[in-house]
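Participant: Following is a predicted model, sequence given first.
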Amino acid sequence: MMTIERNHRSHGLSALLLAFALLVMPLAALGQTRVEMPKNKYKVTDDVQAGQQASQQVYQQMPVLRDSYVDNYVESVGRRLVAAIPAEFQQSQFRYSFDVIDARDINAFALPGGPMFVNRGMIEAARTEGEMAGVMAHEISHVALRHATAQATETQKYQVGSVLGQIAGAVIGGGIGQVVAAGSQIGFGAGALKYSRKYETQADILGAQIMARAGYDPRDLANMFRTIAQQGGGSGGPEWLSSHPNPGNREQRIMQEAAMLRVEGGRGDTAEFRNIQSRLRGMPRARTMEEIARSGQRYPNQGGGQYPDQGRYPDQGGRYPDQGQYPDQGGVYARGERVAYPSTRYQTQRTSLFSVAVPSNWRQLGGDQSSVMYAPEGAYGQQGITHGVMFSVVQTNNNDLQRASQEVVHGLLQGENSYLRQQSGFSRTTIDGREALSTTLFGRSPLTNRNERVTLVLTQLGNGQVFYMAAVAPQNEYSTYQRAFSDIMRSLQLNGRY
């Protein structure tokens, strides 16, 4: 500012012109382009509900790839990008999830509220991890900016109920081909399957910004458009480009934005991405979406089947507490099996360590007085729970809560729970008025072959042990259980002598 003031004294006209230029030039010239949230008459919960309804139909009508190694990798890239969404576009109710469709077409689509599906063909077509991340960042931007319901708001053609019905109807009625053709615009009728050009521009710009914040070179997004166009001939046509129209000078605009962004780190390509591509190319040939549609096959048990013989959230000895007390349900958890929603009525459960109120349609499972679980019908078997909460106590070697919590989490992520990854640092909270820490774990559950979310809350007892609560649910159902988990947390009371 001192320099500008000196220039103003000696060159008043130049300073005036400079000030005017600063007022009229795009924000990008000062760092990055400002992206504004479009007007939207719908509630955030409408996005979530619409996406959840449609995602269930995707699971039934599309062959989701059953490979935990590939899925965990794509999930990790997705989580890195989600963490880089600017704070003003974060929606606490959104639940981002990432699945791979075993189809050779070059495509990807995201649903309102966060569910994303990436075709195997898209991963194989990308030349670098950055190019794959570019597609995902673009799709995440559509979700974060709530473009689906924003576009419906502009048309003023649908009410909330019909929007939700149209999304589900596009999947049920239109079948696989229509879902893919619709891409992330699924469900707003045949005349509105594509986002407007201004929304495509917004997704390009915000996608570039998210990439830079996540450590990727935003130019890889522009490169991916060229890659898709080059490889889009034949049976694997450029589906993604057809459902994401070019708003004009797309690649040039992304390159301009990239030049004004600072990349946080550097993850353009990785050896892991090469390993994933090699793994996919070694699999049997993926069918095209047209072939899948012609087969008429449905996947009601996608991700189901026999659970492997392993525990869930074991004690530090690597076993599930009192495993033999679990009711035998044959170890089958089919995707189509409906787990009852949490009751709004609660019942108080007591052990020698704590008391807690849980939904009245949940039952206590196994365990002892210091390690116990509660889950609804249809969510448990000999091998563990798929929905519910677990409470346990662990002895640690640290008196500091942060270090003790890290030790507990490290222990939980070993052995049978190694599919989980800690996706957030610790945040401060309380348990029964005591200082506590919270963190989130994500992973592809080997029990259900579905993305799973676990929220851990930990506090230290007077005897040095760590008491923790683990709230478990499939990622695409977590929002349905979140209120119950919060109510359980608030009701929890530890015995005073601890």
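Facilitator: Thanks, I have it.
Participant: Show me what secondary structure element comes after the one helix or strand Gln364 maps to.
Facilitator: Element membership for Gln364, per DSSP states H and E: strand 362-368. Past strand 362-368, further along toward the C-terminus, the next helix or strand under DSSP H and E is strand 371-376.
Participant: what sits up against that next one?
Facilitator: 315, 321, 339-342, 349, 351, 356, 358-359, 361-367, 380, 385-393 (C-beta atoms under 8 Å, 6 or more residues apart in numbering). For glycine as for every other residue, the C-beta is placed from the backbone atoms N, C-alpha and C.
Participant: how about a cut-off of 6 Å?
Facilitator: 321, 339-340, 358, 361-362, 364-365, 385, 388-392 (C-beta atoms under 6 Å, 6 or more residues apart in numbering).
Participant: Return the member of those residues nearest to His410.
Facilitator: Ser392 (15.0 Å; C-beta to C-beta).
Participant: For the nearest residue to the closest one once chain neighbours are set aside, which residues count as its bridge partners?
Facilitator: Using C-beta to C-beta, 6 or more residues apart in numbering and skipping the chain neighbours, the partner closest in space to Ser392 is Ser371 (4.3 Å). On the basis of DSSP bridges, Ser371 is bridged to Asp368.
Participant: residue boundaries of the helices in the stretch 101-250 of the chain?
Facilitator: Counting by DSSP state H, counting those that start in this stretch, the stretch 101-250 of the chain has these helices, from start to end: 120-125, 129-144, 147-155, 160-182, 197-214, 219-231, 239-243, 250-259.
Participant: out of these, which comes closest to Tyr96?
Facilitator: The nearest among the helices of the stretch 101-250 of the chain, by C-beta to C-beta, is helix 129-144 at 7.0 Å.
Participant: how much does the closest one deviate in direction from helix 147-155?
Facilitator: 40 degrees (axes from the mean of the first three to the mean of the last three C-alpha atoms, to 10 degrees).
Participant: thinking again about what came up before, go through the helices of the stretch 101-250 of the chain and name the closest to Ala110.
Facilitator: helix 129-144 (3.9 Å).
Participant: Could you list every helix and strand in contact with that closest one?
Facilitator: The elements that helix 129-144 packs onto, with contact taken as 3 or more C-beta pairs under 6 Å, 6 or more residues apart in numbering; DSSP states H and E, are helix 68-83, strand 108-110, helix 197-214, helix 219-231.
Participant: I'd like to know how far Thr45 sits from Arg146.
Facilitator: Taking C-beta to C-beta, to the nearest Å as the measure, Thr45 falls 12 Å from Arg146.
Participant: can you tell me which residues contact the residue sitting nearest the centre point of the chain?
Facilitator: In the chain, the centroid-proximal residue (C-alpha atoms, centre = their mean) is Tyr96; its distance is 2.3 Å. For Tyr96, the contact set (C-beta under 6 Å, 6+ apart) comprises Val82, Gly114.
Participant: separation between it and Gln475?
Facilitator: 8 Å.
Participant: now Pro446
Facilitator: Distance from Pro446 to Gln475, by C-beta to C-beta: 15 Å.
Participant: What ranges in the stretch 1-150 of the chain fall below the confidence cut-off?
Facilitator: 1-31 (pLDDT under 70).
Participant: how about a cut-off of 50?
Facilitator: Counting by pLDDT under 50, the stretch 1-150 of the chain has low-confidence residues at 1-30.
Participant: Tell me the pLDDT of the residue nearest to Ser392.
Facilitator: With respect to pLDDT, Ser371 scores 80.
Participant: Any figure for the gap between Ala133 and Val143?
Facilitator: For Ala133, the distance to Val143 - C-beta to C-beta - is 15 Å.
Participant: Also Lys43?
Facilitator: Lys43 is 15 Å from Val143, by C-beta to C-beta.
Participant: in the stretch 251-400 of the chain, which spans are strands?
Facilitator: Ranges of strands in the stretch 251-400 of the chain, per DSSP state E, counting those that start in this stretch, are 346-350, 354-359, 362-368, 371-376, 380-381, 384-385, 388-394.
Participant: Rounded mean pLDDT for the second one, please.
Facilitator: Computed over strand 354-359, the mean pLDDT rounds to 91.
Participant: Work out the gap between it and the centre of the chain.
Facilitator: 29 Å (C-alpha atoms, centre = their mean, to the nearest Å).
Participant: Could you export that strand as PDB, CA atoms only?
Facilitator: C-alpha atoms of strand 354-359 as PDB (Å, rounded to 0.1, in the frame of the first residue of the first chain):
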ATOM      1  CA  PHE A 354     -22.200 -46.700  31.700                       C
ATOM      2  CA  SER A 355     -25.800 -46.100  30.900                       C
ATOM      3  CA  VAL A 356     -27.100 -45.100  27.500                       C
ATOM      4  CA  ALA A 357     -30.400 -44.700  25.700                       C
ATOM      5  CA  VAL A 358     -30.700 -46.600  22.400                       C
ATOM      6  CA  PRO A 359     -33.600 -46.900  19.900                       C
END
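Participant: Return the list of strands paired to it, each annotated with direction.
Facilitator: strand 346-350 (antiparallel), strand 493-494 (antiparallel).
Participant: Show residues contacting the last one.
Facilitator: Translated: strand 493-494. Phe354, Ser355, Asp432.
Participant: Could you rerun that using 8 Å?
Facilitator: With contacts defined as C-beta under 8 Å, 6+ apart, strand 493-494 is touched by Leu353, Phe354, Ser355, Val356, Ile431, Asp432, Arg434, Thr459, Leu461, Phe467.
Participant: So the second one is in contact with Phe391, correct?
Facilitator: Yes. Under the contact definition of C-beta atoms under 8 Å, Phe354 touches Phe391, with a separation of 6.7 Å.
Participant: Between those two, which contacts overlap?
Facilitator: Phe467.
Participant: quick revisit: which of the contacts of strand 371-376 count as buried?
Facilitator: Pro321, Val339, Val358, Trp362, Leu365, Ile385, Gly388, Val389, Met390, Phe391, Ser392 (16 or more other C-beta atoms under 10 Å).
Participant: Quick check, the third one in contact with Met489.
Facilitator: Just to be clear, that refers to Val358. No. Between Val358 and Met489 there is no contact under C-beta under 8 Å: 11.1 Å.
Participant: In the stretch 151-300 of the chain, where is pLDDT below threshold?
Facilitator: The stretch 151-300 of the chain contains residues with pLDDT under 50 at 158-161, 168-193, 233-237, 300.
Participant: ok so Pro38 is a strand residue?
Facilitator: No. Judged by DSSP: H, G, I helix; E, B strand; the rest coil, Pro38 forms no part of a strand; its state is coil.
Participant: In space, what's closest to it - neighbours in sequence excluded?
Facilitator: Using C-beta to C-beta, 6+ apart, the closest residue to Pro38 is Ala150 (3.8 Å).
Participant: show me the contacts for that neighbour.
Facilitator: Contacts of Ala150 by C-beta under 8 Å, 6+ apart are Pro38, Lys39, Asn40, Tyr199.
Participant: Would you write out the ChimeraX command that picks the buried residues out of the residues you listed?
Facilitator: With 16+ other C-beta under 10 Å as the criterion, this ChimeraX line picks the buried residues out of the contacts of Ala150:
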select :38,40,199
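Participant: could the contacts of Ala150 go into CSV alongside distance to Gly51?
Facilitator: Below are those laid out as CSV (distance: C-beta to C-beta, whole Å):
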residue, distance to Gly51
Pro38, 17
Lys39, 20
Asn40, 15
Tyr199, 17
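Participant: if we can go back for a sec, give me the more crowded residue out of Thr45 and Arg146.
Facilitator: Arg146 (23 against 12; other C-beta atoms under 10 Å).
Participant: my guess is Gln395 contacts Gln465, does it?
Facilitator: Yes. Contact criterion C-beta under 8 Å: Gln395 and Gln465 qualify, at 5.4 Å.
Participant: Start and end of stretch 99-119, how far apart?
Facilitator: 9 Å (C-alpha to C-alpha, to the nearest Å).
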